[in-house]
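J.: Predicted model, plus sequence, below.
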2 protein chains.
Amino acid sequence: MAANAAAVNDELTRLLPVGDGPEHRVHDAMRYSALDGGKRLRPFLAVQSASLFNVSPAAALRVGCALEMVHCYSLIHDDLPCMDDDDLRRGRPTCHRQFDEATALLAGDALLTRSFEILAAQSTHPDPAVRCELVWELAHASGGQGMVGGQMVDLQAAELSMDVAAITRLQQMKTGRLISFACEAGAILGKAPSSQRLALKNYAHDLGLAFQIADDLLDVEGDETQVGKKLGKDAGAGKATFVSLLGPDRARAQAAMLAEQACAHLDSFGPAAELLRLTARYVVSRSV
Amino acid sequence: MAANAAAVNDELTRLLPVGDGPEHRVHDAMRYSALDGGKRLRPFLAVQSASLFNVSPAAALRVGCALEMVHCYSLIHDDLPCMDDDDLRRGRPTCHRQFDEATALLAGDALLTRSFEILAAQSTHPDPAVRCELVWELAHASGGQGMVGGQMVDLQAAELSMDVAAITRLQQMKTGRLISFACEAGAILGKAPSSQRLALKNYAHDLGLAFQIADDLLDVEGDETQVGKKLGKDAGAGKATFVSLLGPDRARAQAAMLAEQACAHLDSFGPAAELLRLTARYVVSRSV
């Protein structure tokens, strides 16, 4: 994952714009937020799922970086004062604290837009039908019926009385859809048969939920310095989470069960999918 | 233009999402801002430029609507308190006044995302290469080196001492690029030869500047009730405009000259381009 994160940083450095006029301020903000590290889990999943098929690693990395731009845009907008109002992200000031609110807003907008520009570019994949499918799937996963829809539900979460089913639906939208795109991207790039794409989608479904439960556990039990962002926010905001609904022990057991279930979906890939299996186990045991 | 605006409203009504969970709030905000009227100049240009070639009117309308979503998203974000902080848009409360800031932010994000989802969808055009080109061009026109870059420059405009050349560059980015996309979209859909696409691009270039000068004149001389938004903002913010730099008379003459120059680029299309010529003349004489 560390090697992948370094490759993602290099590629993002190449893919992000550099302006020569006064607009360079928004490019600086895009770089500040997109090049600030992070686990790069989503590009890692894209590259690993692509490795199961006969896909050029450069194409997988590009698609992973486009996806990471969408993830970074969502963090910038999520951190804004009108949303979560966060000062810290990955151990550094959030984009609007480092620059200003307007610049952060525009940097998020531009990262989202750049992501689709990259997916549609000829250099990403020679087949335009593949590129169109990537654009459509990423837009569908991240828009008003996907990630943004999930953010909208999340904003109302304190007022809604949410049970485990409602929280599961919210988290599927808010974080699950992008993780599914990451895993399906390899199958799209490799024009994989639908049974193999479905196996990856099922893996991603369970992985995404396991990831979110682990996130909820970190929010309660994690070390703020290590995680690099403010913790204890959900409880503070009066929002139900998997941990508040199930208790930490059952939540931990549920996450471990989901990770194993995720791995089971990969049986047909044999040893080639070993890193994806390790990823599922890492995700539920991580401290960052 | 009125008939086109009605068709755009119908098509947007079909294309915008309807949610059944608590996420419907962001869909309501998208509809509120995208279905609130306006001249629909950009879709009109897309439909008219497509009519010069052998393009299905339904495809041109869809592309025009995707483009209009990008325009509406930019207005929602532009109106936010951290940007222009406007209360009124097209005679109604702005999105964040009608809903709240977070919902408006997400509605803008979701409109931008939905636009690319529509362009990439098979039902827009049978040829994926055409759809990819549309996605790429719209992303390029609206991102950090296009419209969003222009918004970034505009935010700093009061601190920069801008001459006519700098204002021209700013407006080309902020409004010109989307107008160019509108006019080139027809050529892309129709797989037009590059000479014809260039003619439309040149038309759009002059039309875009003429449009902006007319906008600056309206900001000084217009009727706030009729225009439906707050006027006199640029002078109030200490920003240079075409009108403050050239004076109203020279600005008016320049806009008229650009409109005629725009028309001249269409000579090779003959009578088929008459509505595009009328549009150029309308744009500089409008009061809304």
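T.: Thanks, I have the structure now. Numbers count the residues shown, from 1 in each chain, chains lettered A, B, ... in the order given.

J.: any chance you could map the strands in chain A?
T.: Taking DSSP state E as the criterion, chain A contains strands spanning A:88-89, A:92-93.

J.: Could you say which of those is packed most deeply?
T.: Comparing the strands of chain A by mean neighbour count (mean count of other CB atoms under 10 Å in any protein chain shown), strand A:88-89 ranks first with a mean of 18. (C-beta placed from N, C-alpha, C; glycine too.)

J.: Contacts only, for the residue of the stretch 151-288 of chain A at minimum distance from chain B.
T.: Chain B sits closest to A:Met152 of the stretch 151-288 of chain A, with a gap of 4.0 Å, by CB to the nearest CB. Residues near A:Met152 by CB atoms under 8 Å, 6 or more residues apart in numbering or on different chains: A:Gly144, B:Pro22, B:Glu23, B:Arg25, B:Val26, B:Thr103, B:Leu106.

J.: ok, 10 Å please
T.: A:144, A:170, A:173-174, B:19, B:21-29, B:102-103, B:106-107, B:110 (CB atoms under 10 Å, 6 or more residues apart in numbering or on different chains).

J.: any low-confidence regions in the stretch 101-250 of chain A?
T.: For the stretch 101-250 of chain A, no stretch has pLDDT under 70.

J.: out of everything not next to it in sequence, what's closest to A:Ala166?
T.: What sits nearest to A:Ala166 in space, not counting adjacent residues and going by CB to CB, 6 or more residues apart in numbering or on different chains, is A:Leu160, at 7.0 Å.

J.: got it, and A:Gln212?
T.: A:Gln171 is the one closest to A:Gln212 (CB to CB, 6+ apart), at 4.4 Å.

J.: before we move on, what about A:Gly238?
T.: Using CB to CB, 6+ apart and skipping residues adjacent in sequence, the residue nearest A:Gly238 is A:Ala158, 4.4 Å away.

J.: Now do the phi/psi pair for that neighbour.
T.: Backbone torsions for A:Ala158, taken as degrees, to the nearest 10, come to phi -70, psi -30.

J.: What residues sit buried inside stretch A:72-92?
T.: Using 16 or more other CB atoms under 10 Å in any protein chain shown as the test for burial, stretch A:72-92 gives A:72-84, A:86, A:89, A:92.

J.: again with stretch A:110-129
T.: A:110-121, A:124-125, A:128-129.

J.: any idea which of these is closest to B:Gln98?
T.: Nearest to B:Gln98, judged by CB to CB, of the buried residues of stretch A:110-129 is A:Leu112 at 23.3 Å.

J.: Excluding chain neighbours, what is closest to that closest one?
T.: Nearest to A:Leu112 is A:Tyr73, by CB to CB, 6+ apart, at 4.5 Å.

J.: same thing with A:Leu138?
T.: Nearest non-adjacent residue to A:Leu138, counting by CB to CB, 6+ apart: A:Phe181, 5.6 Å away.

J.: contacting residues for that neighbour?
T.: A:42, A:45-46, A:63, A:67, A:70, A:134, A:137-142, A:146-147, A:188, A:201, A:204.

J.: Apply 6 Å and report the result again.
T.: Residues in contact with A:Phe181 (CB atoms under 6 Å, 6 or more residues apart in numbering or on different chains) are A:Glu137, A:Leu138, A:Ala141.

J.: Out of these, grab the one that's most surrounded.
T.: A:Leu138 (30 neighbours; other CB atoms under 10 Å in any protein chain shown).

J.: circling back to that earlier point, ok, the residue lying closest to the residue of the stretch 151-288 of chain A closest to chain B once chain neighbours are set aside to B:Ala104 distance?
T.: Distances taken as CB to CB, 6+ apart place B:Val26 nearest to A:Met152, at 4.0 Å, with adjacent residues excluded. B:Val26 sits 9 Å away from B:Ala104, going by CB to CB, to the nearest Å.

J.: More neighbours: which of those two?
T.: A direct count of neighbours by other CB under 10 Å for B:Val26 and B:Ala104 places B:Val26 higher, at 32 against 25.

J.: Let me know how buried A:Gly176 is, in neighbour terms.
T.: Quick note: A:Gly176 (other CB under 10 Å) scores 25 neighbours.

J.: Next up, the contacts around the nearest residue to it once chain neighbours are set aside.
T.: Excluding its sequence neighbours, the residue lying closest to A:Gly176 (CB to CB, 6+ apart) is A:Gly208, at 3.7 Å. A:Gly208 sits next to A:Thr175, A:Gly176, A:Ile179 when contact means CB under 6 Å, 6+ apart.
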